[in-house]
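>>> Here is my input; please provide its structure:
(one chain, ligands or ions: 1)
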Amino acid sequence: MATHCVNFCASSFDAKPSSSGSHSRVEKKWLGSIALDRKPKNLKLSNGCRARAALNADSIPIEIPRQWYNLIADLPIKPPPSLHPKTFEPVKPEDLSPLFPDELIKQEASGERYIDIPEEVREIYKLWRPTPLIRAKRLEKLLDTPARIYYKYEGVSPAGSHKPNTAVPQVYYNAQQGIKKVVTETGAGQWGCSLAFASSLFGLECEVWQVRASYDQKPYRKLMMQTWGAKVHPSPSNITESGRKILLMDPSTPGSLGIAISEAVEVAAMNADTKYCLGSVLNHVLLHQTVIGEECLKQMEAIGETPDLIIGCTGGGSNFAGLSFPFIREKLDGKMSPVIRAVEPSACPSLTKGVYRYDYGDTAGMTPLMKMHTLGHDFIPDPIHAGGLRYHGMAPLISHVYELGFMEAISIPQTECFKGAIQFARSEGLIPAPEPTHAIAATIREALKCKETGEAKVILTAMCGHGHFDLPAYDNYLQGNLVDLSFEDEKLQAALGSVPNVGS
Ligand SMILES: *Cc1c(COP(=O)(O)O)cnc(C)c1O
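Numbers count the residues shown, from 1 in each chain. Have a look, this model is predicted:
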């Protein structure tokens, strides 16, 4: 199969479809599955082309980007600074240096429009990039919609989501600075897996604090982390001061992301050879994820499509920013005008129901204060199945872009999300992670609207991960045990009470 594939990449386009009589049977099948009515402009070959050809309906080989894109450079108003948690003064680079390597601190505050992707990082990206852009023809048919639906699929990475796009450069910059160990928190385990994978490639030690409830109930991502050589602790643990404190109060606590962050941050702050990594929310994380959108722009251009609507799910906001920011640049430049729409769970609606205020990133209030859409750092969402979408705040940069009016946001309840996920799985084949089911449900809503109006809109969706390790959520849905939890205003008001009175 691989031979035919290489063959296809090397020769099919100069062979022209009309002369396909000389092609082998397998090649004919391949040629039939791609859009040959459009001729590729810049046919470039890379290692990624085999995987792409296998999954891709319509796209044409493109290069992995050489630079990440920093949207801040193009914003008419710059986002407000993060504040020191004690002094409330803008955070200085040296405040962050116990936690992050210098290059990432620089990127966090950078005003440069483009930042070069190190060649070593690009080489590793080649394991799964460029990722496929797939036209969801069978879903379109199922919905009987005139809309053209495309999804950019990040589940082909070793960890199964978009998160390795930032885990790899984060570990790379730590390795460059001679750091020996990276530490982090993880909930369901997507981020912990990505960091464990990246650490294994650079020979760094990796230690992960996994929320106790997930550690006990979801063993597979823990086993993946251990397979990549990481040490995984249930959080709270008795290794840290903050963990011991919580355990003393409640020995059987299920833990939370906020507590796990405090533990990892404590360990990084106390050890000179150890740094902390975060999988979403921060500017440098959003920056690294822009490889998604940069690739997608080229892929859409190659097939002559321009999106009318771009949809992504938002937890901390990194996969959404990754896909949409390069398109926002094009929009600001007057080259296209897609509507950009974030989708969050109705049970954790930071953009649609939160306040835009300075708040802490963790429960204990150890992190800098960030101006963001927040439900309050005390907010604990109901145990819905949206895994990575249960963070109390939204990335400060996304929050700012939302305030500027460059994007919109909606929330969708989880049963509608899983209904859409089942339709998607049974038409497109891929089983989405619980997070992107929100984007899929919003896509289906829009496609059905197009059916009513007859509009042939081009909808682009971020399919940021597969759900192979989240099947208990599907089990719940299929058994009829998944319900929509109503979002109570009292709960929100109580949590908002924890937002500190800082800044404007
Ligand atoms: C972590 C995760 C998310 C949520 O994080 P963002 O920063 O909002 O992208 C969404 N989808 C998947 C598959 C994840 O692993």
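
>>> State the phi and psi torsions of the nearest residue in space to residue 274 that is not next to it in sequence.
Among residues not flanking residue 274 along the chain, residue 181 sits closest, at 4.4 Å (Cβ to Cβ, 6 or more residues apart in numbering). For every residue, glycine as well, the C-beta is placed using N, CA and C. Dihedral angles phi and psi of residue 181 (degrees, to the nearest 10) take the values phi -140, psi 140.

>>> Please apply the same query to the one 10 residues further on.
In this entry, residue 191 is assigned phi and psi values of phi -70, psi -40 (degrees, to the nearest 10).

>>> Would you quantify the distance from the closest residue to the ligand within the stretch 101-250 of the chain to residue 127?
When scored by Cβ to the nearest ligand atom, the stretch 101-250 of the chain has residue 190 as its residue closest to the ligand, at 3.3 Å. Counting by Cβ to Cβ, to the nearest Å, the separation of residue 190 from residue 127 is 17 Å.

>>> Then residue 61?
From residue 61 over to residue 127 the distance is 16 Å, taken as Cβ to Cβ.

>>> When those two are compared, which one has more neighbours?
When neighbours are counted by other Cβ atoms under 10 Å, residue 61 and residue 127 differ, and residue 61 comes out ahead with 21 against 16.

>>> Give me the domain ranges for the chain.
2-63, 80-114+161-276 (automatic domain parsing).

>>> so which of those domains is the most packed in?
Here the criterion is mean neighbour count by mean count of other Cβ atoms under 10 Å, and of the domains of the chain the winner is domain 80-114+161-276, at a mean of 20.

>>> where does the stretch 151-300 of the chain dip in pLDDT?
When residues are selected by pLDDT under 70, none of them lie in the stretch 151-300 of the chain.

>>> Would you map the helices across it?
Counting by DSSP state H, counting those that start in this stretch, one finds helices in the stretch 151-300 of the chain at the ranges 164-176, 190-202, 212-217, 219-227, 241-249, 257-270, 283-302.

>>> Please name every helix or strand in contact with the third one.
Packed against helix 212-217 by the contact rule (3 or more Cβ pairs under 8 Å, 6 or more residues apart in numbering; DSSP states H and E) you find strand 231-235.

>>> Residue 500: what's it in contact with?
Taking Cβ atoms under 8 Å, 6 or more residues apart in numbering as the contact definition, residue 500 lies against 358-360, 369.

>>> Residue numbers of the stretch 51-200 of the chain in contact with the ligand?
Applying Cβ under 6 Å from any ligand atom, we find that the stretch 51-200 of the chain lies next to the ligand at 161, 163, 190-191.

>>> The stretch 301-450 of the chain too?
Along the stretch 301-450 of the chain, the residues adjacent to the ligand under the rule Cβ under 6 Å from any ligand atom are 313-320, 388-389, 433, 435-436.

>>> And the nearest residue to residue 244 once chain neighbours are set aside, how far from residue 246?
Excluding the flanking residues, the one nearest residue 244 by Cβ to Cβ, 6+ apart is residue 238, at 5.3 Å. From residue 238 over to residue 246 the distance is 10 Å, taken as Cβ to Cβ.

>>> May I ask which two of the contacts of residue 500 are separated the most?
Within the contacts of residue 500, two members stand farthest from each other by Cβ to Cβ: 358 and 360, at 8.6 Å.

>>> okay, and the common contacts of these two?
Shared contacts of residue 358 and residue 360 (Cβ under 8 Å, 6+ apart): 369-370, 500.

>>> want to try a markdown table for those, with secondary structure and pLDDT as columns?
Formatted as a markdown table, the entries for these read as follows, by DSSP: H, G, I helix; E, B strand; the rest coil; pLDDT from 0 to 100:
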| residue | secondary structure | pLDDT |
| --- | --- | --- |
| 369 | strand | 94 |
| 370 | strand | 96 |
| 500 | coil | 89 |
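
>>> Which one of the residues you listed is nearest to residue 478?
residue 370 (38.8 Å).

>>> residue ranges of the helices in the stretch 401-504 of the chain, please?
Here the stretch 401-504 of the chain has its helices, by DSSP H, counting those that start in this stretch, at 414-428, 437-453, 471-478, 489-496.

>>> Please give the centre-to-centre distance between the longest one and its chain.
Relative to the centre of its chain, helix 437-453 is centred 21 Å away, using Cα atoms, centre = their mean, to the nearest Å.

>>> So which elements touch that helix?
When contacts are defined as 3+ Cβ pairs under 8 Å, 6+ apart, helix 437-453 sits against helix 137-143, strand 309-313, strand 339-345, strand 408-412, helix 414-428, strand 458-463.

>>> cutoff 6 Å now
Secondary-structure packing of helix 437-453 (3 or more Cβ pairs under 6 Å, 6 or more residues apart in numbering; DSSP states H and E): strand 309-313, strand 339-345, helix 414-428, strand 458-463.

>>> Comparing residue 358 and residue 360, which residue is more hemmed in?
More neighbours sit around residue 360 than around the other of residue 358 and residue 360, counting by other Cβ under 10 Å; the figures are 25 against 21.

>>> Phi first, then psi, for that one.
According to degrees, to the nearest 10, residue 360 has phi -80, psi 150.

>>> How about residue 435?
When read as degrees, to the nearest 10, the backbone of residue 435 gives phi -60, psi -60.

>>> Tell me who's in contact with residue 355.
If a contact means Cβ atoms under 6 Å, 6 or more residues apart in numbering, then residue 355 has no contacts.

>>> Beta-bridge partners for it, please?
Beta-bridge partners recorded for residue 355 (DSSP bridges): residue 374.

>>> Residue 301: neighbour count?
Count around residue 301 with other Cβ under 10 Å applied: 13.

>>> cool, and the one 10 residues further on?
By the measure other Cβ under 10 Å, the count of residues near residue 311 is 30.

>>> Distance check, it against residue 150.
To residue 150, residue 311 is 11 Å away according to Cβ to Cβ.

>>> repeat for residue 409
21 Å.

>>> Looking at the two now, which is surrounded by more residues?
Under the neighbour definition other Cβ under 10 Å, residue 409 and residue 150 were set side by side, and residue 150 has more, 25 against 20.

>>> Provide a list of residues in contact with that one.
With the criterion set at Cβ under 6 Å, 6+ apart, residue 150 makes contact with 133, 135, 460.

>>> Just the buried ones from the residues you listed?
Burial by neighbour count, judged by 16 or more other Cβ atoms under 10 Å, picks out 133, 135, 460 from those.

>>> got CSV for those residues, with pLDDT too?
Formatted as CSV, the entries for those read as follows, by pLDDT from 0 to 100:
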residue, pLDDT
133, 97
135, 98
460, 98
